[in-house]
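Novice: when you get a sec, could you give me coordinates for this:
(one chain, ligands or ions: 1)
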Amino acid sequence: MSRKPLIAGNWKMNVNHIEAVGLVQKLAWALGDFKYDPTKAECLVIPPFVDLRGVQTLIESDKMPLKWGAQDVSEHENGAYTGDISAEMLVKLGCSYVIVGHSERRQYHHESDFIVNEKARNALAHDITPIICVGEGLEIRRAGEHVPFTLAQVEAALADRSAAEVAQVVIAYEPIWAIGTGEVATPEDAQEVCGAIRGKIAELYDEEIAAQVRVLYGGSVKASTIVALMVKPDIDGVLVGGASLNPDEFAFITRFYEVSQKTN
Ligand code: PGA
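Specialist: Residues are numbered from 1 along each chain as shown. Below you'll find the predicted structure:
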């Protein structure tokens with residue numbers, strides 16, 4: 001079962017709607033220079049909500065080989081939820097992915113495993129692929145509890161989902177201590193947990209479903225670290241924060257497959 005690598009750029013709360021157009025254009029140019037082949041890896045940008053319409057219009061009108069998604073979605077269908085954005089609204093904007101349960105949402109917005117589960121359910125119900133983020137903080141890592149902690153988050157996020165739904169989800173392992181810190185987990189650290197996540201899905205569902213789920217690594221991924229991560233058997237892509245704001249670097253990360261082919 002081959003899983004198409006996913007290279008996702010989470011812009012977080014950076015880049016206004018005017019700057020977004022420039023960033024996507026530069027990314028498309030950089031990818032073009034690199035002769036990016038979208039059959040080898042999916043390239044996804046995840047801008048703030050207010051940028052989505054402009055990004056959609058540009059990518060569609062110029063037929064750029066890029067996908068776009070959102071950083072969050074409401075667990076509710078619609079109605080009196082001031083400030084929230086519904087899955088239906090995201091579908092209308094052509095979003096194919098949405099991040100749920102990013103550690104920054106869990107930490108600053110107190111999103112529980114239950115809320116993360118509800119958001120993933122809602123995304124799936126609207127045919128949007130949730131990128132479910134999981135991962136431990138430094139204390140848990142130091143205590144050697146990172147695998148059980150992360151697997152418990154995975155199990156909670158997937159509870160009550162059917163096998164067909166689970167086959168579509170993307171799980172992103174993002175150790176909190178490695179996010180935005182320059183502190184990258186070693187490829188072996190990342191593989192340990194990404195492999196355990198796939199094992200957990202096999203245990204909860206079956207091997208066939210587990211073989212379909214894409215598991216990403218995230219946390220200070222850079223052009224210099226991508227190849228060593230991507231050669232690991234259970235790492236199917238990356239969720240990139242800071243480095244996704246640099247179009248040349250993000251283009252380089254996206255076409256990792258050329259470099260890794262050359263070095264293999
Ligand atoms: P970073 O962020 O690459 O800046 O560490 C990753 C993320 O939070 O998704």
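Novice: can you list the weak-confidence ranges in the protein?
Specialist: Where the chain drops to pLDDT under 70, the residues are 1, 261-264.
Novice: in it, which residue sits nearest the ligand?
Specialist: G241 (2.2 Å; CB to the nearest ligand atom). No exception for glycine: its C-beta is placed from N, CA and C like everyone else's.
Novice: what is the burial count for the closest residue to that residue other than its chain neighbours?
Specialist: Nearest non-adjacent residue to G241, counting by CB to CB, 6 or more residues apart in numbering: N10, 5.2 Å away. Residues near N10, counting by other CB atoms under 10 Å, number 26.
Novice: hey, what's N10 bridged with?
Specialist: N10 has these beta-bridge partners by DSSP bridges: I46.
Novice: surely it and I99 touch.
Specialist: Yes. The pair N10 / I99 is scored as a contact, 6.4 Å apart, by CB atoms under 8 Å.
Novice: can you check which residues contact both of the two?
Specialist: Jointly contacting N10 and I99 under the rule CB atoms under 8 Å, 6 or more residues apart in numbering are I46, Q71, L239.
Novice: buried subset of those?
Specialist: Among these, the ones that count as buried by 16 or more other CB atoms under 10 Å are I46, Q71, L239.
Novice: doesn't L44 make contact with the last one?
Specialist: Pointing back at L239 there. No. Contact criterion CB under 8 Å: L239 and L44 do not qualify, at 9.3 Å.
Novice: which residues are common contacts for those two?
Specialist: A8.
Novice: buried ones in stretch 215-230?
Specialist: 215-223, 225-230.
Novice: filter those by proximity to the ligand?
Specialist: G218, G219, S220, V221 (CB under 6 Å from any ligand atom).
Novice: follow-up on the earlier one: dump the shared contacts of N10 and I99 to a markdown table, plus distance to the ligand.
Specialist: As requested, the shared contacts of N10 and I99 are exported to a markdown table (distance: CB to the nearest ligand atom, whole Å):
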| residue | distance to the ligand |
| --- | --- |
| I46 | 9 |
| Q71 | 10 |
| L239 | 4 |
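Novice: for V154, state which of those residues is nearest.
Specialist: For the shared contacts of N10 and I99, the closest approach to V154 (CB to CB) belongs to L239, at 15.2 Å.
Novice: which SS class is the closest one?
Specialist: Under DSSP: H, G, I helix; E, B strand; the rest coil, L239 falls in the strand class.
Novice: who's in contact with the closest residue to it other than its chain neighbours?
Specialist: Residue nearest to L239 in three dimensions, not counting chain neighbours: G218, with 3.4 Å by CB to CB, 6+ apart. If you count contacts by CB under 8 Å, 6+ apart, G218 has them with N10, C133, G135, A172, Y173, E174, I179, V238, L239, V240, G241.
Novice: same deal with V100?
Specialist: D72, V73, V116, K119, A120, A123, P130, I131, I132, C133, A157.
Novice: quick one: contacts for G54?
Specialist: Contacts of G54 by CB under 8 Å, 6+ apart are H17, I18, A20, V21.
Novice: phi, psi for the first one please.
Specialist: What it means is H17. phi -70, psi -20 (degrees, to the nearest 10).
Novice: would you mind listing what in the stretch 101-250 of the chain touches the ligand?
Specialist: E174, I179, G180, G218, G219, S220, V221, L239, V240, G241, G242, A243.
Novice: what's around the second one, how many residues?
Specialist: What it means is I179. So I179, with other CB under 10 Å, has 20 neighbours.
Novice: quick check: the gap between it and A228.
Specialist: 18 Å (CB to CB, to the nearest Å).
Novice: of the contacts of G218, grab the buried ones for ChimeraX.
Specialist: Here is the ChimeraX command that selects the buried residues among these (16+ other CB under 10 Å):
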select :10,133,135,172,173,174,179,238,239,240,241
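Novice: quick check: L52 touching Q71?
Specialist: No. L52 is beyond contact range of Q71, at 9.8 Å (criterion: CB under 8 Å).
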